[in-house]
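S.K.: okay, sequence plus prediction incoming.
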Amino acid sequence: MAGSIIITDTSCDFPQDIDIKGLPVKVLSMPVALKDDPEKDISHLSVKEFYDLMRRGEIIPITSQVTAARYMECYKECLEQDKTPIVIGLSSKLSKSYEAALLAKNNMPDPEKIKIFDSKCVSLGLGMVVLKAARMAAEGRSPEEIVSTVEPYAHRLEHVFTVDSLEYLKRGGRLSAAQAFVGGLLNIKPILHIADGAVEPLEKVRGKKNALKRMLEIMEERAKDIQNQVVGVCHADDEETAMELVDTIKKKFNPKDVLVSWIGPVIGAHAGPGTVAVFFERA
């Protein structure tokens, strides 16, 4: 096999300032539709319009997985180019796309030529992992080296975030016991994280400003050698807060780089507008 192609999905909210067109990446679409009209595709909406409609209650979006048939089609394209497909998609705890990718692999004539691992990541966290893998593939690294480097990196990547409302996570069944966690207290903002690929409550604080402050404290407590790593920040239509967070991270921690992105509709459908997240490697 001469080289690799990284296969991911549209839940990976790539950094907005990085052009991936020249990298060996295939991004498969995760459909976004309306709850009361599942055949109505709304993936054409701009991210801003999508969140505006959510805030006004004019849409209740739902998402679905990448199908096994689409994965098989993609594997075939890669193998015909004599490339090794490496699938790095949304956490298996949050989507059945991982299962579909495995099913598709097992139905191919040469399944051993296809590599898949569960990223346990989401949004920009997944984007950072895919970007690392794609850059290694572009350098001509072997599929085995890419997986052995990138899989541990993915599993070290912390995702810490706060949402304006738990309603969207509850609605999508992405957060268990959320109502008990929030407790109905006025202006309580949850801090959540991804634990072994699943969304879990971490803490609760009063007010968004305090939530953001606590997220940075958690980063300081958990991060590994933060000055020598790349940190990520993403948001669901709260660019002002995200950029303030970026400035604070640069001044406080001086990391190698800070990547920034919008949370796209696939993840935004479940997290809701106003969500802000940070990503970093844990110690």
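M.R.: Structure received.
S.K.: work out for me the element E145 sits within.
M.R.: Secondary structure from DSSP states H and E places E145 in helix 143-156.
S.K.: pLDDT on that helix, on average?
M.R.: Helix 143-156 carries an average pLDDT of 98.
S.K.: contacts for that helix?
M.R.: Residues outside helix 143-156 that contact it (C-beta atoms under 8 Å, 6 or more residues apart in numbering): 1, 4, 84, 86, 88, 115, 117, 119-121, 125, 129, 132-133, 136-137, 141, 224, 281-282. The C-beta positions use only the backbone N, C-alpha and C, and glycine is treated the same way.
S.K.: now stretch 69-78
M.R.: 5, 7, 26, 28, 84-85, 87, 100-101, 103-105, 107-108, 114.
S.K.: most neighbours among those, please name it.
M.R.: Most neighbours among these, by other C-beta atoms under 10 Å: A101, with 31 neighbours.
S.K.: shouldn't that residue be in contact with I88?
M.R.: No. In this structure, A101 is not within contact of I88 by C-beta atoms under 8 Å, at 9.6 Å.
S.K.: just give me the closest of the contacts of stretch 69-78 to N187.
M.R.: L28 (39.3 Å; C-beta to C-beta).
S.K.: show me the residue at the heart of the chain, geometrically.
M.R.: Centroid-nearest residue in the chain: S123, 1.7 Å away (criterion: C-alpha atoms, centre = their mean).
S.K.: pull up the overlap in contacts between A101 and I88.
M.R.: I7.
S.K.: now do V258: how many residues are near it, please.
M.R.: When neighbours are counted by other C-beta under 10 Å, V258 registers 18.
S.K.: now for it: which residues touch it?
M.R.: So V258 contacts V230, V231, G232, V233, V246, I249, K250 (C-beta under 8 Å, 6+ apart).
S.K.: may I see the buried residues of stretch 125-140?
M.R.: For stretch 125-140, the neighbour count (16 or more other C-beta atoms under 10 Å) marks 125-137 as buried.
S.K.: low-confidence ranges, the protein, go.
M.R.: 1, 172-186 (pLDDT under 70).
S.K.: burial count for the nearest residue to S142 once chain neighbours are set aside?
M.R.: Excluding the flanking residues, the one nearest S142 by C-beta to C-beta, 6 or more residues apart in numbering is S4, at 7.9 Å. By the measure other C-beta under 10 Å, the count of residues near S4 is 26.
S.K.: in this structure S4 contacts A137, no?
M.R.: Yes. If you go by C-beta under 8 Å, S4 and A137 touch, sitting 4.3 Å apart.
S.K.: shared neighbours of the two, anything?
M.R.: Counting by C-beta under 8 Å, 6+ apart, the common neighbours of S4 and A137 are P24, I86, I146.
S.K.: top of the residues you listed by neighbour count?
M.R.: Ranked by neighbour count (other C-beta under 10 Å), the shared contacts of S4 and A137 have I86 at the top, with 25 neighbours.
S.K.: just checking: what are the partner strands of the host helix or strand of it?
M.R.: Using DSSP H and E, I86 sits in strand 84-87. Counting by DSSP bridges, the strands paired with strand 84-87 are strand 4-9 (parallel), strand 115-116 (parallel).
S.K.: mind giving me the domain ranges of this protein?
M.R.: Per the record, the chain has its domains at 4-29+64-155, 156-281, by automatic domain parsing.
S.K.: now the shared contacts of S4 and A137 as JSON lines including distance to A277?
M.R.: Formatted as JSON lines, the shared contacts of S4 and A137 follow (distance: C-beta to C-beta, whole Å):
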{"residue": "P24", "distance to A277": "27"}
{"residue": "I86", "distance to A277": "25"}
{"residue": "I146", "distance to A277": "25"}
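S.K.: am I right that L192 sits in a helix?
M.R.: No. With DSSP: H, G, I helix; E, B strand; the rest coil as the criterion, L192 is located in strand rather than a helix.
S.K.: pull up the gap between the residue of the chain most remote from its centre and K76, please.
M.R.: Computed with C-alpha atoms, centre = their mean, the residue of the chain farthest from its C-alpha average is P109, at 30.7 Å. As judged by C-beta to C-beta, to the nearest Å, P109 and K76 stand 10 Å apart.
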